[in-house]
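**Q** sharing a model that was predicted from the sequence below.
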Amino acid sequence: MSAHRLRRTAGAAVLALLAPLVVVTLVAPAEALTQTVPVSLDGTTTQVDRITRNGVASTCGSAKPFPGMAGNATTYNIATYEYVAPSTGCLTIARSAVTCASSSNLHLAVYQKAYDPTAPQALYLGDQGSSNDASTIGVDVVRGRTYVLVAMNALNQESCSANVTFTPADDTTPPETLMTRAPGAKVRDSSAVLTFKGDPVGDVSGFQCRLDSAAFAACESPLVLEGLLVGTHTVAVRAVDLFGNVDPTPAVATFASCDLAGATRQLGTAETAAAKAAKAVAKAKKAVAKASSPRAEAKARKQLVRATKKAKAAARKVVAIRQGMRACAE
């Protein structure tokens, strides 16, 4: 595994994988993404006439036809709220804490993409049917798409407010990850920059990155890698959505870091460390041979195991650097 350091610079995230990291992804249930927002009918926006309350609340799985207009010349206060669906499936919308003189003077409807007060039938998706807290809206939505909630007076023009709660469906569909910038086949430096994004954009809550054989760790785009050992490296990036679903097919970039001047210094340092580690093994072996008691021998053997492990790792690093230098020279 290549050594490099973690820092932030100019908004860029630099990946730190100096030690193995375990990333635990907790899947968020729909309840964790339930959102309650206030809506205020303050008279800022109004419309003449309103949709008919036909007593039939919209339910998921069966599209409700537009109920028609009440057919009057009354002016009503309205308010809108844009909602981006975090999951595909049944979205439940409910109201509470209505401050109107009569709780029946506030009605909710929902539309796809946008709402035009002059054409309330356009892009209609559903409504409460009845203006009360018990009448919830159930509509089928698609993850990442925008929907517009419309709150409106239902009896007469009145400034009042309410809270509206959105409860999305549980989501088990993972996002996609796209690499938007990656190094070329060979980089004449010991650093590299990568950029990436998730799809759908509104569904992605973060990313996890991995360099070579290290564990995945949280990261951001752009990703800056520094202090890379000479040789071939592979970076894998996977998007994570709001429900904790992880892309099972990460975006991957493979390239060679070919800072040969830096590699020469790296090789010298690695060879010195390998020679030191080899001496530590020899010293540990002598300690085992000279042990004067079973207890002393057991202690010496433990030291020998540790020294041997370090020596093997140091030797592998020397080999990796030499192989990388040969690959870059081709």
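**A** Nice, I can see it.

**Q** and the residue nearest to Cys90 when sequence neighbours are not counted, how many neighbours?
**A** Among residues not flanking Cys90 along the chain, Cys60 sits closest, at 3.6 Å (C-beta to C-beta, 6 or more residues apart in numbering). Just so you know, the C-beta spots here come from the backbone N, C-alpha and C atoms, and that holds for glycine as well. Neighbour count of Cys60, defined by other C-beta atoms under 10 Å: 16.

**Q** I'd like to know how far Cys60 sits from Cys100.
**A** 27 Å (C-beta to C-beta, to the nearest Å).

**Q** likewise Pro183?
**A** For Pro183, the distance to Cys100 equals 60 Å [C-beta to C-beta].

**Q** how about Gly184?
**A** 63 Å.

**Q** neighbour-wise, which of those two wins?
**A** Taking neighbours as other C-beta under 10 Å, Gly184 and Cys100 compare with Cys100 leading, 20 against 9.

**Q** which strands and helices sit next to the longest helix belonging to the chain?
**A** Counting by DSSP state H, the longest helix found in the chain is helix 294-329. Here helix 294-329 touches strand 231-241, strand 251-257, helix 260-289, going by 3 or more C-beta pairs under 8 Å, 6 or more residues apart in numbering; DSSP states H and E.

**Q** at 6 Å what do you get?
**A** Packing contacts for helix 294-329, counted by 3 or more C-beta pairs under 6 Å, 6 or more residues apart in numbering; DSSP states H and E, involve helix 260-289.

**Q** in the helix it packs on, what's buried?
**A** Using 16 or more other C-beta atoms under 10 Å as the test for burial, helix 260-289 gives 262-263, 266-267, 270-271, 273-274, 277-278, 280-281, 284-285, 287-288.

**Q** any idea of the mean pLDDT in that helix?
**A** Here helix 260-289 scores 91 as its mean pLDDT.

**Q** tilt between that helix and strand 251-257?
**A** 90 degrees (axes from the mean of the first three to the mean of the last three C-alpha atoms, to 10 degrees).

**Q** helix 260-289: how far from the chain's middle?
**A** 42 Å (C-alpha atoms, centre = their mean, to the nearest Å).

**Q** then stretch 212-223?
**A** So, by C-alpha atoms, centre = their mean, the centroid of stretch 212-223 is 13 Å from its chain's centroid.

**Q** and that stretch, which residues are buried?
**A** By neighbour count, with 16+ other C-beta under 10 Å as the criterion, the buried positions of stretch 212-223 are Ala214, Phe216, Ala217, Cys219, Glu220, Ser221, Pro222, Leu223.

**Q** which of those residues sits closest to Thr167?
**A** Distances from Thr167 to the buried residues of stretch 212-223, taken as C-beta to C-beta, are shortest for Glu220 (29.7 Å).

**Q** which of the helices or strands spans the most far-flung residue of the chain relative to its centre?
**A** Distance from the centre of the chain peaks at Ser292, with 59.1 Å (C-alpha atoms, centre = their mean). Remark: Ser292 resides in no helix or strand, with elements defined by DSSP states H and E.

**Q** over to Leu108?
**A** Assigned by DSSP H and E, Leu108 falls within strand 107-112.

**Q** output the contacting helices and strands for that strand.
**A** The helices and strands touching strand 107-112, judged by 3+ C-beta pairs under 6 Å, 6+ apart, are strand 124-127, strand 146-152.

**Q** adding mean pLDDT and mean neighbour count, write those strands out as CSV.
**A** CSV is the format used below for the helices and strands packed on strand 107-112 (pLDDT from 0 to 100; neighbours: other C-beta atoms under 10 Å):
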stretch, mean pLDDT, mean neighbour count
strand 124-127, 98, 24
strand 146-152, 97, 21
